[in-house]
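S.K.: Pasted the sequence and its predicted model underneath.
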Amino acid sequence: MNDNNSSDNRKKNPGTGLLDGLPPVIEDPVEFQQMVDSLPEEKRKYAELATRFAKLWEYLESKNLPLPLDVVRAMRELPSLPAGERLEQLENINAALLELETDAGKDPQFRQ
């Protein structure tokens with residue numbers, strides 16, 4: 001099977017996910033928080049963890065710190081995990097990124 005075809009098929013017919021049916025982007029922080037607060041518990045938790053991940057990644061990228069390979073691998077596993085394990089994995093990923101951010105903050109190059 002051609003990898004390009006399977007990739008195209010996933011784009012056209014993505015599997016069920018925790019955030020299916022939600023708008024792709026909400027710019028207004030208040031509107032976003034209201035949307036998150038209105039979600040069922042599992043989806044709310046996932047939205048909070050995914051948002052935290054995005055913010056940590058954005059910060060690390062602004063400091064020119066690449067994502068560690070183990071984090072990239074863990075992110076790739078997320079779609080194949082059951083929902084509960086997915087939440088736990090994302091919590092672990094966020095903890096690893098927070099530790100990386102904390103370690104970078106100790107480096108005089110990153111202190112302001």
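M.R.: Good, I have the coordinates.

S.K.: Return the per-residue confidence for the most centrally placed residue in the chain.
M.R.: A centroid search over the chain (C-alpha atoms, centre = their mean) returns Ala50, at 3.7 Å, as the residue closest to the centre. Here, the pLDDT recorded for Ala50 equals 92.

S.K.: Quick check: Ala54 vs Leu78, distance?
M.R.: Distance of Ala54 to Leu78, computed by C-beta to C-beta, to the nearest Å: 13 Å. To be clear about C-beta, it is placed using only N, CA and C from the backbone, and glycine gets the same treatment.

S.K.: Neighbour count for the two, which is higher?
M.R.: When Ala54 is set against Leu78 and neighbours are counted by other C-beta atoms under 10 Å, the residue ahead is Leu78, at 18 against 10.

S.K.: ok, that one to Asp103 distance?
M.R.: Taken as C-beta to C-beta, the spacing of Leu78 relative to Asp103 amounts to 24 Å.

S.K.: Quick one: residues contacting Leu97.
M.R.: Going by C-beta atoms under 8 Å, 6 or more residues apart in numbering, Leu97 touches Phe53, Leu56, Trp57, Leu60, Leu67, Val71.

S.K.: element containing the first one, please.
M.R.: Right, Phe53. helix 41-62 (DSSP states H and E).

S.K.: From the rest of the structure, what touches that helix?
M.R.: Residues from elsewhere that reach helix 41-62, judged by C-beta under 8 Å, 6+ apart: 18-19, 22, 32, 35-37, 39, 66-67, 83, 86-87, 90-91, 93-94, 97-98, 100-101, 104.

S.K.: re the thing from before, possible to save the contacts of Leu97 as a markdown table with pLDDT, distance to Glu27 and neighbour count?
M.R.: Compiled in a markdown table, those are given as follows (pLDDT from 0 to 100; distance: C-beta to C-beta, whole Å; neighbours: other C-beta atoms under 10 Å):
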| residue | pLDDT | distance to Glu27 | neighbour count |
| --- | --- | --- | --- |
| Phe53 | 94 | 19 | 18 |
| Leu56 | 92 | 20 | 20 |
| Trp57 | 91 | 18 | 17 |
| Leu60 | 90 | 22 | 18 |
| Leu67 | 89 | 25 | 17 |
| Val71 | 94 | 27 | 20 |
